[in-house]
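Novice: How does the following fold in three dimensions:
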Amino acid sequence: MTLLSMQGVKILATGSAIPHSVLNNHQISNMVETSDDWITTRTGIEERRLLTGENKSVVDLGTLAALKAISKTNISPLDIDLIILATSSPNDLFGSASQIQARLNASKAVAFDLTAACSGFVFGVVTASQFLQTGSYKVVLVIGADVLSKWTNWSDRNTCILFGDGAGAIVLQNCSLEKNQLLGFQLNTDGLHWNHLKLSYKEESKPHSSLNIYQGSFNYISMNGKEVYKFAVSQVPLSIMKCLQSLDISVSEINWLLLHQANERILTAVADKLSISRSKVIMNLNKYGNTSAASIPLALDEAVCEHKIVNNDIVVVSGFGAGLTWGTFVLQWRS
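Specialist: Just a heads-up that it's a prediction; the model follows:
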């Protein structure tokens with residue numbers, strides 16, 4: 001849909017954070033039956049970062065990414081009205097955003113988690129825009145952060161080669177419509193196929209002795225790779241085209257295509273379907289793997305820091321993943 005409101009949305013800054021520990025394909029090949037060539041050829045991933053050390057969590061990475069973004073602005077944490085943490089790997093199922101709020105000393109901010117897996121950052125930015133457009137809040141911090149290494153079965157070669165840890169953040173502010181940067185969005189969910197990519201709850205085989213309550217714990221990540229590939233390659237281009245058509249923007253006007261960094265084959269297939277040059281596809285998954293909700297803001301921050309994205313560029317951003325969820329928003333970058 002097109003954004004029709006009294007106010008626009010302005011990007012003040014981006015930031016990102018990655019763990020120090022590197023796990024490359026050669027190291028993985030010593031853990032499971034695979035090889036560097038096999039992984040690189042099928043995914044484009046060469047290495048990934050892992051959050052190691054005792055008591056380290058998504059809060060550490062999310063806080064660091066947020067601090068880096070805030071440091072590039074003229075605001076202080078006390079100016080932030082809302083913090084949205086897009087994550088599927090909180091260190092507390094009741095939510096981790098409040099812990100980040102405390103670490104930032106952003107005591108005036110409301111904070112909550114948003115779970116939409118690899119689409120989380122896209123959903124988070126769109127959610128933030130609603131508060132900004134109506135004037136309910138003036139400054140919103142959106143963080144995409146995941147530490148899926150904690151939920152990966154490192155003996156499953158189908159999934160352990162894919163995932164890494166990271167975080168990215170963006171500071172948004174409301175502004176006049178003339179300075180608006182968030183042009184439009186399009187979101188989708190298909191709950192019928194949730195089981196293609198899941199981190200599901202497993203009940204104990206026997207209930208509580210007197211209450212008949214089945215308790216349990218969470219499994220590792222499970223994925224049907226072929227179905228996820230087909231879903232992404234078929235639905236993401238449709239989402240992008242619907243969004244562009246609602247804005248009367250042609251594919252030829254796109255300067256950059258920024259997709260969730262899941263698999264190089266998916267990224268190139270989507271670009272090919274849209275007839276977008278692969279030179280316009282922002283890609284860094286070779287260094288980080290699939291960092292879930294962190295992948296888009298991490299890649300965005302790197303592209304901005306490297307001056308790939310310049311003033312007035314049209315950037316199409318699309319996320320897709322578990323749920324199944326997917327969505328697109330379109331930015332016009334303003335330096």
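
Novice: so where does the spatially most distant residue from the centre of the chain fall, helix or strand?
Specialist: Of all residues in the chain, residue 210 has its C-alpha farthest from the mean position, at 42.6 Å, by CA atoms, centre = their mean. Remark: residue 210 resides in no helix or strand, with elements defined by DSSP states H and E.

Novice: what separates the longest helix along the chain from the chain centre, distance-wise?
Specialist: In the chain, with assignment by DSSP state H, the single longest helix is helix 225-247. Here helix 225-247 is found 16 Å from its chain centre; the criterion is CA atoms, centre = their mean, to the nearest Å.

Novice: Repeat that for stretch 39-57.
Specialist: Distance, centroid of stretch 39-57 to centroid of chain: 15 Å (CA atoms, centre = their mean).

Novice: buried set for that stretch?
Specialist: For stretch 39-57, the neighbour count (16 or more other CB atoms under 10 Å) marks 39, 43, 44, 45, 46, 47, 48, 49, 50, 51, 56, 57 as buried. Yep, even glycine has a C-beta here, placed from its N, CA and C like the rest.

Novice: Secondary structure class of residue 33, three-state.
Specialist: coil (DSSP: H, G, I helix; E, B strand; the rest coil).

Novice: count of neighbours near it?
Specialist: Residue 33 has 7 neighbouring residues, counting by other CB atoms under 10 Å.

Novice: for the one 5 residues further on, same thing?
Specialist: Residues lying near residue 38 (other CB under 10 Å) number 14.

Novice: Please, which helix or strand holds it?
Specialist: helix 36-43.

Novice: and the angle for that helix with helix 225-247?
Specialist: 40 degrees (axes from the mean of the first three to the mean of the last three CA atoms, to 10 degrees).

Novice: now helix 36-43: how far from the chain's centre is it?
Specialist: With CA atoms, centre = their mean, you get 23 Å for helix 36-43.

Novice: which SS state does residue 23 fall under?
Specialist: Going by three-state DSSP: residue 23 is strand.

Novice: Give me the pLDDT for it.
Specialist: The per-residue pLDDT reported for residue 23 equals 98.

Novice: That one and residue 46 touch, don't they?
Specialist: No: contact criterion CB atoms under 8 Å: residue 23 and residue 46 do not qualify, at 10.5 Å.

Novice: that older thread, show the pLDDT at the residue farthest from the centre of the chain.
Specialist: At residue 210, pLDDT is 86.

Novice: ok, now residue 2?
Specialist: pLDDT, read off for residue 2, is 50.

Novice: so is the residue most central in space within the chain in a helix, a strand, or just coil?
Specialist: By CA atoms, centre = their mean, the chain has its centre lying nearest to residue 293, at 2.4 Å. Using three-state DSSP, the structure places residue 293 in helix.

Novice: Any figure for the gap between it and residue 320?
Specialist: The gap separating residue 293 from residue 320 is 12 Å, by CB to CB, to the nearest Å.

Novice: Also residue 330?
Specialist: The value you get for residue 330 to residue 320, if CB to CB is used, is 16 Å.

Novice: do residue 230 as well
Specialist: Residue 230 is 12 Å from residue 320, by CB to CB.

Novice: So for the two, which sits in the more crowded spot?
Specialist: residue 320 (28 against 13).

Novice: Need the phi and psi values for the more buried one.
Specialist: Backbone torsions for residue 320, taken as degrees, to the nearest 10, come to phi -160, psi 150.

Novice: For it, give me its contacts.
Specialist: 118, 119, 231, 232, 235, 236, 259, 260, 262, 326, 327 (CB atoms under 8 Å, 6 or more residues apart in numbering).

Novice: what do you get if the cut-off is 6 Å, keeping everything else the same?
Specialist: 119, 232, 236, 260, 326 (CB atoms under 6 Å, 6 or more residues apart in numbering).

Novice: What pLDDT does the model give it?
Specialist: 98.

Novice: Residues in a beta bridge with the residue nearest to it when sequence neighbours are not counted, which ones?
Specialist: Spatially, and ignoring its direct neighbours in sequence, residue 320 is nearest to residue 326 (3.8 Å; CB to CB, 6 or more residues apart in numbering). Applying DSSP bridges to residue 326 gives these bridge partners: residue 188, residue 320.
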